[in-house]
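Novice: compute the structure for the input listed below.
(chains A and B, ligands or ions: 2)
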Amino acid sequence: MKCRRCGELAQVALPSHHTGFCAPCFENYFLRQVERGIHEHKQFTKEDKLVLAVSGGKDSLGLLLALTELGYAVTALHIDLAIPVSSENARSTVEAFCAKHSIPCHILEMAGKGLPIPEVKKKVNRPICSVCGKIKRHWFNRYAFEEGFDVLATGHNLDDEVARLFANTLRWDQAYLAGQGPVMPAEGRFVKKVKPLCRLTEYETAVWCFLKGIDHVLAACPYSGGASFTGHKKLLADLEERSPGMKMQFYGHFLATGKPAFEAVVENAPPLKECSDCGFPSSQDMCGVCRIKRLLES
Amino acid sequence: MVTIVMESTGERHEFRKLNTVIQLLNKLKLKSSEVLVIRGRELLTPDREIGTQGEIRIRHVVSRG
Ligand SMILES: [Zn+2]
Ligand SMILES: [Zn+2]
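Specialist: Ligands and ions are numbered 1, 2, ... in the order given. I've put the predicted structure just below:
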């Protein structure tokens, strides 16, 4: 297979685009797709103060490098969950990466916030991944808001978005379907949230990381028995193999047609309250994260 | 001999001869979108020929939680 752009031997085949690229042309393509996602959905501009949530995995570190190469000034934000070995590895990977590329990096330690995940796991009866996700989302947003950032970016890719969309559709969850997408506008103490990798698949991000020599965390979190969407991702991969481009179509048509319809339905949802403890938005008097913290203190 | 190394498990497979990457993926029951097929510092597209010697690493692309 030859590179479509320059005719050299291809290293990457992209059936959904009916094309293949050599290494330099793929890197070019990748950066263009990131930029296109940012522009198409009006995610942010070079003037915005931007913070990126980084786990140490390939998507967030790959995005961090892409944004930096595209000329965006971005601060990395990592949450240290205090899980033995795994958190230390993730943190040192992020710190080393940011030092190497001279990217400002901030670490939030959950142990210092009264929320070390191993303790949370002992006290909470629900699946730890959903609780941990809630804690991370709360603190990413809270940090971004309190430090005056305009935009909080995450490394979610097209596969993450499509798997989530599929799960939400299976339940016809109107509120989630209305709220899903590559941009969530700022509202009250919620900062604007964006997903610049929304046009790129997991495969493409993995290729980017390989070609750029990005040293990222490979091991899964010791508490997760596999990511929650793994089953759906397999199913969608089968569909994609049979009709290349299907994922992008499913997601694109949802954004154009489905999402506005669901937004119209949930417009009249009751407004969120302020958490009595931390002041951040909550559906109850006290937000979920403050309730977990209280549970740990008791 | 062609040696195949699965990066996630360290598992190794040996083959006397492999025609193409597609043939290898079929033998391992993998989709081309699920893995990077790495030879040295290079990625191999499904149509690439493999032959009778060398080492190939297989890296899964799906992040696991
Ligand atoms: Zn090329
Ligand atoms: Zn609270």
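
Novice: can you pull the buried residues of stretch A:113-127?
Specialist: Across stretch A:113-127, burial judged by 16 or more other Cβ atoms under 10 Å in any protein chain shown covers A:113, A:115, A:116, A:117, A:118, A:119, A:120, A:124. Glycine gets a C-beta too; all of them are placed from N, C-alpha and C.

Novice: no no, stretch A:25-40
Specialist: Using 16+ other Cβ under 10 Å as the test for burial, stretch A:25-40 gives A:25, A:26, A:27, A:29, A:30, A:31, A:33, A:34, A:35, A:37, A:38.

Novice: before we move on, what about stretch A:144-159?
Specialist: By 16+ other Cβ under 10 Å, the buried positions in stretch A:144-159 come out as A:144, A:145, A:149, A:151, A:152, A:153, A:154, A:155, A:156, A:157, A:158, A:159.

Novice: now do stretch A:211-218
Specialist: A:211, A:214, A:216, A:217, A:218.

Novice: what do you get for stretch A:256-275?
Specialist: A:258, A:259, A:262, A:272, A:275.

Novice: from these, which is closest to ligand 2?
Specialist: Nearest to ligand 2 among those, counting by Cβ to the ion, is residue A:275 at 3.2 Å.

Novice: can you count the residues close to the spatially closest residue to residue B:2 that is not a sequence neighbour?
Specialist: Spatially, and ignoring its direct neighbours in sequence, residue B:2 is nearest to residue B:15 (4.7 Å; Cβ to Cβ, 6 or more residues apart in numbering or on different chains). Neighbours of residue B:15 under the rule other Cβ atoms under 10 Å in any protein chain shown: 15.

Novice: do you know how far residue B:15 is from chain A?
Specialist: Distance of residue B:15 to chain A, given as Cβ to the nearest Cβ, to the nearest Å: 22 Å.

Novice: give the contact list for that residue.
Specialist: In this structure, residue B:15 makes contact with B:1, B:2, B:4, B:24, B:27, judged by Cβ atoms under 8 Å, 6 or more residues apart in numbering or on different chains.

Novice: just the element for the third one, please.
Specialist: Just to be clear, that refers to residue B:4. Under the criterion of DSSP states H and E, residue B:4 resides in strand B:2-6.

Novice: by contact count, what packs against that strand?
Specialist: Counting contacts by 3 or more Cβ pairs under 8 Å, 6 or more residues apart in numbering or on different chains; DSSP states H and E, strand B:2-6 is packed against strand B:12-15, strand B:54-60.

Novice: with distance to residue A:295 and mean pLDDT added, can I get those in CSV?
Specialist: Shown next, in CSV, are the helices and strands packed on strand B:2-6 (distance: least, Cβ to Cβ, whole Å; pLDDT from 0 to 100):
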stretch, distance to residue A:295, mean pLDDT
strand B:12-15, 47, 95
strand B:54-60, 37, 95
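
Novice: hang on, isn't residue B:34 packed against residue B:60?
Specialist: Yes. Residue B:34 is within contact range of residue B:60, at 6.4 Å (criterion: Cβ atoms under 8 Å).

Novice: more neighbours, those two?
Specialist: residue B:34 (21 against 17).

Novice: okay, the closest residue to residue A:2 other than its chain neighbours and ligand 1: tell me how far apart.
Specialist: Nearest-residue entry for residue A:2: residue A:10, 5.9 Å, with adjacent residues in sequence omitted and distances by Cβ to Cβ, 6+ apart. Separation of residue A:10 from ligand 1 (Cβ to the ion, to the nearest Å) stands at 7 Å.

Novice: before we move on, what about residue A:276?
Specialist: For residue A:276, the distance to ligand 1 - Cβ to the ion - is 58 Å.

Novice: now that residue: which helix or strand?
Specialist: Per DSSP H and E, residue A:276 falls between elements, in no helix or strand.

Novice: need the contact list for the residue nearest to residue A:24 when sequence neighbours are not counted.
Specialist: Leaving out its chain neighbours, the residue that sits closest to residue A:24 by Cβ to Cβ, 6+ apart is residue A:6, at 7.8 Å. Listed by Cβ under 8 Å, 6+ apart, the contact set of residue A:6 reads A:22, A:24, A:25.

Novice: related to what we said a few turns ago, so what strands line up beside the strand holding residue B:4?
Specialist: Applying DSSP bridges, strand B:2-6 is found paired with strand B:12-15 (antiparallel), strand B:54-60 (parallel).

Novice: just how off-centre is the longest one within its chain?
Specialist: Strand B:54-60 has its average C-alpha position 4 Å from the chain's average C-alpha position, going by Cα atoms, centre = their mean, to the nearest Å.

Novice: could you verify that residue A:99 is part of a helix?
Specialist: Yes. Assigned with DSSP: H, G, I helix; E, B strand; the rest coil, residue A:99 falls within a helix.

Novice: state the pLDDT value of it.
Specialist: For residue A:99, the pLDDT comes out at 98.

Novice: please name the nearest non-neighbouring residue to it.
Specialist: residue A:105 (7.8 Å).

Novice: is stretch A:25-42 positioned near chain B?
Specialist: No. Shown here: stretch A:25-42 not in contact with chain B (Cβ under 8 Å from any Cβ of the partner chain), separated by at least 8.9 Å.

Novice: tally of neighbours for the residue nearest to residue A:169 when sequence neighbours are not counted?
Specialist: Distance criterion Cβ to Cβ, 6+ apart; nearest residue to residue A:169, sequence neighbours excluded, is residue A:177 at 7.0 Å. For residue A:177, the count of nearby residues is 22 (other Cβ under 10 Å).

Novice: then the one 3 residues further on?
Specialist: Each residue near residue A:180 was counted by other Cβ under 10 Å, and the total is 21.

Novice: can you tell me which residues contact it?
Specialist: Residues counted as contacts of residue A:180 (Cβ under 8 Å, 6+ apart) are A:161, A:164, A:165, A:168, A:254, A:259.
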